[in-house]
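Mind looking at a prediction? Sequence and model below.
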Amino acid sequence: MATLHLLFNAATVIFIAATMFAAGLGSSLAALRAAFTDVSLLLLVLLANLVVVPLLGWGLAALFHLTTAPFIALLLTASSPGGPFGAKLGMVQHGDITTGAAMQVLLAAVGSITFGITANALLTAADVGGGISLDVGALVRTVALLQLVPFAIGLLLRHYTTNTAVAWHPAAVKVSNVTFLIVLAGMLLGNWSDVVALLGSRALLAGFLLSALAFGFGTLLATGPPARRTTMGAVTAVRNAGPALAAIGIAFDNQPAILGALAAVLLSGLCAAMPIAAVLGRRRTDPEHETS
């Protein structure tokens, strides 16, 4: 059991670091500068991801009277912006891929700093589990180390050795995807009884609604043409599993019930966001909807 625990932790660390390393390799300073210079879009995206979605998560958890484990999982998910699949959903919907990728990377970087503060504030305000609190300093240091350092290395490689970065990027993406599946499988299989207990529960509905509503608010709180706005919706809907996993490891000692709830919330969220992106993609490839 201890060996499986160590393997799961190792896969989690590799997933977080590989995801951000791949993001750095696939980014450019020019794209990030462009994201920063569109001040109105930047402020609205930050508002949607750092304020609106965390409050939505808290509201849904309270509305559905979730038990402690799914309550914590939903709040951690809502507090963690910049999931890498958000940019991929921008591709699925034939949206503004460049802006979407830049904003996803920016949110993941900013979220490295804000996640611990936001999650702790929500858990304290909600008084869930008898008043759980996180070690914000340790969480910020850990998440920043696992996310910002690999991203900075990838970005520097892209800037100074472009050919190397381009050559390494597909492998880094593959490592990220494979380790994500391993981590997700570990959460599901290692905590199967907890996941099964959630089937038909309000926790899955809450995760689904969080993603769907985040997609809507992310679209509304954006500027530019429809393709850009719905891409921001996708980026807002997909949350970053890395910091949430780190928090569960640091603050909750990888409690099976919370890991199982997190897996269920993440999967139900993807079940909401992916069909929306697919429908938008079909509309944009249909000649009758070319203007959308």
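Sure, I can see it.

shouldn't His159 be in contact with Ser28?
Yes: with contact defined as Cβ atoms under 8 Å, His159 reaches Ser28; the gap is 7.4 Å. (Each C-beta comes from the backbone N, C-alpha and C, glycine too.)

Looking at these two, which one has more neighbours?
Applying other Cβ atoms under 10 Å to His159 and Ser28 shows that Ser28 carries more neighbours, namely 17 against 14.

okay, now the closest residue to the more buried one other than its chain neighbours: neighbour count?
Of all residues not flanking Ser28 in the chain, Arg158 sits nearest, at 6.1 Å (Cβ to Cβ, 6 or more residues apart in numbering). When neighbours are counted by other Cβ under 10 Å, Arg158 registers 20.

can you give me the strands for the chain?
Along the chain, counting by DSSP state E, no stretch forms strands.

any low-confidence regions in it?
Scanning the chain with the threshold set as pLDDT under 70 gives 1-2, 4-5, 129-134, 190-196, 200, 287-292.

so what's the closest residue to Cys271 other than its chain neighbours up against?
Nearest non-adjacent residue to Cys271, counting by Cβ to Cβ, 6+ apart: Phe208, 6.2 Å away. Shown in contact with Phe208 (Cβ atoms under 8 Å, 6 or more residues apart in numbering): 268-269, 271-272.

can you put those in JSON lines and add neighbour count and distance to Asp253?
Listed next are the contacts of Phe208 as JSON lines, based on neighbours: other Cβ atoms under 10 Å; distance: Cβ to Cβ, whole Å:
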{"residue": "Ser268", "neighbour count": "20", "distance to Asp253": "25"}
{"residue": "Gly269", "neighbour count": "28", "distance to Asp253": "25"}
{"residue": "Cys271", "neighbour count": "14", "distance to Asp253": "29"}
{"residue": "Ala272", "neighbour count": "18", "distance to Asp253": "30"}
